[in-house]
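Student: Sequence first, then the predicted structure:
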Amino acid sequence: MRHVLEIDDLSEAELAEILDLASERSPQAVLAGKGVALIFEKPSNRTRNACEMAVVALGGHPVVMRGDDIGLGERETVEDVTRVLARYHALVCARVFEHRHLEAMAAVGEVPVVNLLSERSHPTQAIADLLTLRSRWGSLAGRKVAWVGDGNNVARSLVLACSMVGVDVALACPAGFELDPVAVEAAKARGISVEETTLPSDAVPGADAVCTDVWVSMGQESDGSRRVEAFSGFCVTEDLMEKAAPGAVFMHCLPAHRGLEVEASVIDGPRSAVWDQSENRMHAARALFQWIARA
């Protein structure tokens, strides 16, 4: 049984295998006759659609539950919820506010658990991002990705994923919003270059991809004004993209706010890989579920 709560719960070889599976378009029906529990404490567009269609593509039956349907840690303990769902489903996948709930699910040990997003990490997004870049570049090793904005859960998983495939990283984050230093050191330990700066113009030169995310995520609304002020100057503009390597692509995990973290002409322009990213969420989830079902 394998749980995937963090992207580096996978080995480098396993991640490569999942990327290969994601590139296939005729998957085996490894979930035929089986259910997959999809728990969403947070609302979702891409993750829900991607995961439901991924399960269907593998022959399984997705059952979606909102947070208030089950009340993790409130109506029932996380452990009890997991034990019950394990009697119905081959996988339990959850998008949660607190990463510790995923750890509690995995500790029960009755069914594989997959992190669909927590405040700590977003492994399925990282797989989709690598798949998007590999489809553009062919080979990943030796490339460079620049991250402009919040050193958040998406950035954390992306940096760790890049370190597993030999992609260098440059991080431009405002003071006080840097990426977790433990993740930075873990990435460096795999041999990639990880540059850190507070100036986007210093991070982007030579980058083959420029990535960003929203400045105010779900649950951070009360801190919105302070965050928008702190991220002033971190918008990915046409001028900033011109500093990147020739042919560089723009990436954003969505939802996007044009005029804040990215100019409309960038996200809607020819350098944008955002819509491929969005589609690849489905292929990434399908590959990960398929790999887990076969593990």
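Tutor: Cool, the structure landed.

Student: Just the C-alpha atoms of stretch 132-142, please, in CSV.
Tutor: Output in CSV follows, covering the C-alpha atoms of stretch 132-142 (Å, rounded to 0.1, in the frame of the first residue of the first chain):
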residue,chain,number,x,y,z
THR,A,132,3.1,20.1,-19.2
LEU,A,133,6.8,21.0,-19.4
ARG,A,134,7.9,17.6,-20.7
SER,A,135,5.3,17.8,-23.5
ARG,A,136,6.8,21.2,-24.5
TRP,A,137,10.4,20.4,-24.0
GLY,A,138,10.7,16.7,-24.6
SER,A,139,13.4,16.4,-21.9
LEU,A,140,13.3,18.0,-18.5
ALA,A,141,16.8,17.7,-17.2
GLY,A,142,18.9,20.8,-17.5
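
Student: ok, and what's touching it?
Tutor: For stretch 132-142, the external contacting residues (C-beta atoms under 8 Å, 6 or more residues apart in numbering) are 19, 23, 130, 143, 145, 165-168, 208-209, 249, 251, 273, 276-277, 280. All C-beta spots, glycine's among them, are computed from the backbone N, C-alpha and C.

Student: Quick check: buried residues in it?
Tutor: For stretch 132-142, burial by neighbour count (16 or more other C-beta atoms under 10 Å) applies to 132-134, 137, 140.

Student: picking that back up, which among the contacts of stretch 132-142 end up buried?
Tutor: 19, 130, 143, 145, 165, 167-168, 208-209, 249, 251, 273, 276-277, 280.

Student: Out of the residues you listed, which is nearest to residue 154?
Tutor: Relative to residue 154, the closest of these is residue 251; by C-beta to C-beta it sits at 10.3 Å.

Student: excluding its backbone neighbours, what's nearest the closest one?
Tutor: The spatially closest residue to residue 251, leaving aside those adjacent along the chain, is residue 211, at 4.4 Å (C-beta to C-beta, 6 or more residues apart in numbering).

Student: Could I get the phi/psi values of the one you found?
Tutor: Per-residue torsions, residue 211: phi -120, psi 150 (degrees, to the nearest 10).

Student: again, but for the one 4 residues further on
Tutor: Main-chain dihedrals, residue 215, degrees, to the nearest 10: phi -90, psi -30.
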